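Engineer: Build me a model from this:
(2 chains)
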Amino acid sequence: MSTHNTGSARTTDTTTTSTAPTNPAASGSAASSPHLRTETFTCVRCGLTVGVLDPSGGRRDHCPSCLHSRHLRDHVTGGPADCGARMTPIAIAVPRGGGWTLVHRCTACATLSTGQVAPDDNQLVLVRLAVRPIAQPPFPLEAFGDL
Amino acid sequence: MPRKRNPRGPRPQRRKPAYRTSTGADGAPHAASGAFRCLGCGLDVPLAAPGTAHRNHCPHCLTSRHVDLRIPGDRRSACKGRMEALSLTARPDGEWLVIHQCRTCGALSANRAAGDDNALALLRMALRPLADPRVPVRAMIDH
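Structural biologist: Reported below is the predicted structural model:
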């Protein structure tokens, strides 16, 4: 789980990012491309160099270790965004079909985006995100035991 | 991995205008009467809410409406679709935020939970990731 956390000293190495993470739009044909199989990007938070493809063949849009992402897609127009800032994971959402989806928020412009959870994502961070609201309830939860 | 917190403290929130007092005849929230009707359950919701000056969702079913384009309060979206509560997050100071997703165009927005929001609906939203049968949560926790 914490075996990926080796690159924390390289946080300044963000400008050498060869390919920034993009939205996992095309995942089916992506695994067949030899170019994508060797392509990597560097996490803007922890400096970890990760491959663009996850073990299931989908395209990553966030770091599997710290789950941070980059704001590269404008969600109003659908085109590329000129922000480029770091996006922090803030919540776990459950879509109608089941499974987990990550919700990211941009640290510069507060834009929200969703991304798929990859099979090798850091499970400690995922569970921490999932229990975060319940750990800080704004009202006492004891009353729900009587319902 | 844990890094030092920003010495200048957390970034202050962007200045947002107070709620509008007139929006025209399209029935958008924050109309002149100060109340709006929920798109999900039809409840007439007064604008005044305990704990927040920017109410944008129904306190009963947490449904909202897609009226803002980029900045909260700009009222420039042409979508006007129904936004349903997608998930829940907590700020570092413990405030709960409801994240809405538009059922028409898929846009996302976040809003603070008001003091009179349905606590049962909020708690059900908070427990939904842990109750999902397709994710092995027990295997993640037990080590």
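
Engineer: Mind jotting down where the helices sit in chain A?
Structural biologist: A:34-38, A:123-135 (DSSP state H).

Engineer: any idea which of the ones you listed is most buried?
Structural biologist: Of the helices of chain A, the one with the most neighbours on average (mean count of other Cβ atoms under 10 Å in any protein chain shown) is helix A:123-135, at a mean of 18. (C-beta placed from N, C-alpha, C; glycine too.)

Engineer: That one and chain B in contact?
Structural biologist: Yes - Helix A:123-135 reaches chain B (Cβ under 8 Å from any Cβ of the partner chain) through A:123, A:124, A:126, A:127, A:130, A:131, A:132, A:133, A:134, A:135.

Engineer: now what about that helix, what contacts it?
Structural biologist: Contacts to helix A:123-135, defined as Cβ atoms under 8 Å, 6 or more residues apart in numbering or on different chains, come from residues A:1-2, A:66-67, A:89-92, A:100, A:102, A:117, A:141, B:88-90, B:96, B:126-127, B:129-130, B:137, B:140-141.

Engineer: Mind checking what helix or strand follows the longest strand anywhere in chain B in sequence?
Structural biologist: The longest strand of chain B (DSSP state E) is strand B:82-90. Downstream of strand B:82-90, the first helix or strand assigned by DSSP states H and E is strand B:96-102.

Engineer: Which positions in that next one come out as buried?
Structural biologist: By 16 or more other Cβ atoms under 10 Å in any protein chain shown, the buried positions in strand B:96-102 come out as B:96, B:97, B:98, B:99, B:100, B:101, B:102.

Engineer: ok, the third one touching residue B:61?
Structural biologist: No - distance between residue B:98 and residue B:61: 11.4 Å, which falls outside the contact criterion (Cβ atoms under 8 Å).

Engineer: Looking at the residues of helix A:123-135 next to chain B, which two lie furthest apart in space?
Structural biologist: By the measure Cβ to Cβ, A:123 and A:133 form the most distant pair in the residues of helix A:123-135 next to chain B, at 18.3 Å.

Engineer: Now do the contacts for residue A:100.
Structural biologist: Counted by Cβ under 8 Å, 6+ apart, residue A:100 has contacts A:92, A:93, A:94, A:117, A:126, A:130, B:129, B:132, B:135.

Engineer: Quick one: low-confidence residue ranges for chain A.
Structural biologist: Applying pLDDT under 70 to chain A flags residues A:1-32.

Engineer: Spell out which residues of it are next to chain B.
Structural biologist: Going by Cβ under 8 Å from any Cβ, the residues of chain A near chain B are A:2, A:5, A:8, A:11, A:46, A:65-66, A:75-76, A:90-94, A:98-100, A:103, A:105, A:107, A:110, A:112-114, A:123-124, A:126-127, A:130-136, A:138-139, A:141, A:144, A:147.

Engineer: Please list the members of these that lie in strands.
Structural biologist: Using DSSP E, these in strands are A:90, A:91, A:92, A:93, A:103, A:105, A:112, A:113, A:114.

Engineer: Surely the third one and residue B:129 touch.
Structural biologist: Yes - counting by Cβ under 8 Å, residue B:129 is a contact partner of residue A:92 at 4.2 Å.

Engineer: helices and strands around the longest helix along chain B, which ones?
Structural biologist: Taking DSSP H as the criterion, chain B has its longest helix at helix B:119-127. If contacts are counted by 3 or more Cβ pairs under 8 Å, 6 or more residues apart in numbering or on different chains; DSSP states H and E, helix B:119-127 sits against helix A:123-135, strand B:82-90, strand B:96-102.

Engineer: which residues are in contact with both of residue A:92 and residue B:129?
Structural biologist: Joint contacts of residue A:92 and residue B:129 (Cβ under 8 Å, 6+ apart) are A:100, A:130, B:87.
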